[in-house]
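Trainee: Structure of the sequence below:
(2 chains)
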Amino acid sequence: MSPETMSADDQPLLVARGVTKRYGPHIGCIDVNFELFPGEVLAIVGESGSGKSTLLSVLSTRLDPTAGSVGYRMRDGVMRNVFDLNEAERRLLMRTDWGFVHQDAREGLRMGISAGGNVGERLMAVGARHYGEIRSTALDWLNRVEIDQTRIDDAPKTFSGGMRQRLQIARNLVTNPRLIFMDEPTGGLDVSVQARLLDLLRGLVADLGLAVVIVTHDLAVARLLSHRIMVMRHGRVIETGLTDQVLDDPREPYTQLLVSSVLQV
Amino acid sequence: MTLKLELEDVAKTFVMHLQGGKTLEVVEGVSLSVSAGECVVLGGPSGAGKSSILKMIYGNYRTDRGRILVHGADGAIDVATAPPRQVIRLRHATIGYVSQFLRAIPRISALDLVAIAARDQGLDEGLALTRARDLLTRLNVPERLWSLPPATFSGGEQQRVNIARGFVADHAILLLDEPTASLDATNRAAVVELIRDKKQRGVAMLGIFHDEDVRDRVADRIVDVTRFAAKAA
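Mentor: Sure thing, here's the model as predicted:
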């Protein structure tokens, strides 16, 4: 592609090169390479112990890699290795341009403070000071994630699992991030609650043009949300491709086993 | 006539590792082309590989050998080797696919499902909705159903929503995988009309129709897929 026709969307947002994490003699993940483009949803699938959560932790700088680099295109267009950023820069990135949705909402929320406070806190962390504006932005986001606005002053410990998860999403999205990491966001929820959350996520991701790296063992979740899939086993990426291609025409023995083990995806 | 789609020596084999690495050779040496305004029908008994050919063109199945060229304003793209992002772009801008079955999304109404397919191609919300209503009307989907998610619809109703989804956008190439399979005569006729409209607008179509009456009414050419049968190794 010629430089003239190259737009920002043609340049990767995140670039993983040789990402490796060992825990002593144990393998977390080995030599993972991929590029993620703006607005692209990448699902990392595999069974527990496959290294997918370790990989997500390294990509999001929650863990330092044993080897390899993770490049991220900052808002000024410059690609930087996130492990070369200083602590303040990294914290700012995680608070503004990135989000992280945990499986257990308690890890991503402050359970003792109000729903409005949970959303507003991330806004204040990037410099918002006007109480009225923060509150109205928080109300707007509660509405977008389908939480009754009258619950704004209630703490999430009084919320159901599905509501907590939706609040966690609002807290992450309020700063207009470009990249969201998700770790089994629908895990542990009832099926009907899962469907509602997935539908909400699907809509938000498309409307906001978010790039997402989502870890899931649920192939139906990957099918519904992602454009591309990476299948991991024993710490390595064993198969990658378009989501429907990997699910409808799996090539590797292990992927065929995974796909055939599901009732219908 | 402008060439839109060209397959050159395409082959597909499935290796089934769970059955001890058994191989299933589906097709080989598939060469065919479709021009603008033409409807080419794949013929042959079920199991001959007709659906597999459509799925390779859509990038849903991987192509083991050969080239699948999609011609557009910016030259040709080979689906067999294109990276995932390019295939996704092709699906938005150039290639539509109508399968036999609707994959319903929880909580999304029939009307929105159709309109989303148009918006994915860049149509604005108003036009997308207008077209979606028009198509659901032409396909005799009762208006009282439009605001409901199709998961509870009958098979025929779901199929018609799916057809509307496939026809609502302005794709230059349409792949039709038995779109009339479970429709009554009235709705088969409606689909035939939709295909004729697309032809007039220069859309290149490649389809599978088991219904001979429909096939005769829409096909410009029939390509017998049995001649691409893989020779047993």
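
Trainee: next helix or strand past the helix or strand where A:Leu92 lies?
Mentor: Taking DSSP states H and E as the criterion, A:Leu92 maps to helix A:87-95. Using DSSP H and E, the helix or strand that follows helix A:87-95 in sequence is strand A:98-101.

Trainee: quick one: the helices in the chain?
Mentor: No chain was given, so I picked chain A. Secondary structure of chain A (DSSP state H): helices at A:52-59, A:87-95, A:105-108, A:115-125, A:131-144, A:161-173, A:191-208, A:219-225, A:243-248, A:253-260.

Trainee: wait, I meant chain B there
Mentor: B:50-57, B:84-93, B:110-119, B:125-138, B:155-167, B:185-200, B:212-218.

Trainee: hmm, back to that, nearest to B:Pro83, out of the helices of chain A?
Mentor: With C-beta to C-beta as the criterion, B:Pro83 lies closest to helix A:243-248 of these, at 11.7 Å. Backbone N, C-alpha and C define where each C-beta goes, glycine included.

Trainee: Please work out the residue of the stretch 1-150 of chain A nearest to chain B and name it.
Mentor: Nearest residue of the stretch 1-150 of chain A to chain B: A:Phe37, at 6.2 Å (C-beta to the nearest C-beta).

Trainee: What is the burial count for that residue?
Mentor: A:Phe37: 19 surrounding residues under other C-beta atoms under 10 Å in any protein chain shown.

Trainee: what do you get for B:Leu176?
Mentor: Neighbours around B:Leu176, by other C-beta under 10 Å: 27.

Trainee: So it is in contact with B:Leu206, correct?
Mentor: Yes. With contact defined as C-beta atoms under 8 Å, B:Leu176 reaches B:Leu206; the gap is 7.3 Å.

Trainee: ok, whichever residue of chain A sits closest to chain B to B:Leu129 distance?
Mentor: Nearest residue of chain A to chain B (C-beta to the nearest C-beta) works out as A:Pro253 at 3.6 Å. Going from A:Pro253 to B:Leu129 by C-beta to C-beta, to the nearest Å gives 46 Å.

Trainee: do B:Ile116 as well
Mentor: Taking C-beta to C-beta as the measure, B:Ile116 and B:Leu129 are separated by 10 Å.

Trainee: and what of A:Ala220?
Mentor: 29 Å.

Trainee: try A:Lys52
Mentor: As judged by C-beta to C-beta, A:Lys52 and B:Leu129 stand 40 Å apart.

Trainee: for the least confident helix or strand in chain A by mean pLDDT, the distance to its chain's centre please.
Mentor: None of the helices or strands of chain A scores lower by mean pLDDT, DSSP states H and E than helix A:191-208, at a mean of 86. Distance of helix A:191-208 from the chain centroid (C-alpha atoms, centre = their mean, to the nearest Å) equals 13 Å.

Trainee: Does chain A have contacts with stretch B:4-23?
Mentor: Yes. If you take C-beta under 8 Å from any C-beta of the partner chain as the test, stretch B:4-23 does meet chain A, through B:14-18.

Trainee: of those, closest to A:Met94?
Mentor: Using C-beta to C-beta, the residues of stretch B:4-23 next to chain A come closest to A:Met94 at B:His17, 40.7 Å.

Trainee: quick one: contacts for the closest one?
Mentor: A:252-253, A:256-257 (C-beta atoms under 8 Å, 6 or more residues apart in numbering or on different chains).

Trainee: where does A:Pro156 land on pLDDT?
Mentor: At A:Pro156, the predicted lDDT confidence score is 96.

Trainee: picking up where we left off before, filter the residues of stretch B:4-23 next to chain A down to the buried ones, ChimeraX style.
Mentor: Those of these that count as buried under 16 or more other C-beta atoms under 10 Å in any protein chain shown are selected in ChimeraX with:
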select /B:14,17
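
Trainee: can the residues of stretch B:4-23 next to chain A go into TSV with extra columns for pLDDT?
Mentor: Below are those laid out as TSV (pLDDT from 0 to 100):
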residue	pLDDT
B:Phe14	94
B:Val15	94
B:Met16	93
B:His17	93
B:Leu18	90
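
Trainee: For the closest residue in space to A:Asp148 that isn't next to it in sequence, give me its contacts.
Mentor: Leaving aside its sequence neighbours, A:Asp148 sits nearest to A:Leu142 (C-beta to C-beta, 6 or more residues apart in numbering or on different chains; 7.6 Å). For A:Leu142, the contact set (C-beta under 8 Å, 6+ apart) comprises A:115-116, A:119, A:148-149, A:151-152, A:167, A:170.

Trainee: So B:Asn60 sits against A:Leu247, correct?
Mentor: No. Counting by C-beta under 8 Å, B:Asn60 stays clear of A:Leu247, with 9.4 Å between them.

Trainee: Excluding covalently adjacent residues, which one is nearest to B:Lys199?
Mentor: B:Gly37 (5.3 Å).

Trainee: Kindly report the residues of the stretch 101-250 of chain A close to chain B.
Mentor: A:195-196, A:198-199, A:202, A:224, A:227-228, A:241-242, A:244-245, A:248-249.

Trainee: Using ChimeraX, define a selection of the buried residues within these.
Mentor: Burial among these is assessed by 16+ other C-beta under 10 Å; the matching ChimeraX selection reads:
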select /A:195,196,198,199,202,224,227,228,241,242,244,245,249
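
Trainee: Which two among the residues of the stretch 101-250 of chain A next to chain B are spaced furthest apart?
Mentor: Longest span within these, C-beta to C-beta: A:Arg196 and A:Asp249, 30.6 Å.

Trainee: Run through chain B and note the low-pLDDT ranges.
Mentor: Along chain B, segments meeting pLDDT under 70 span B:232-233.
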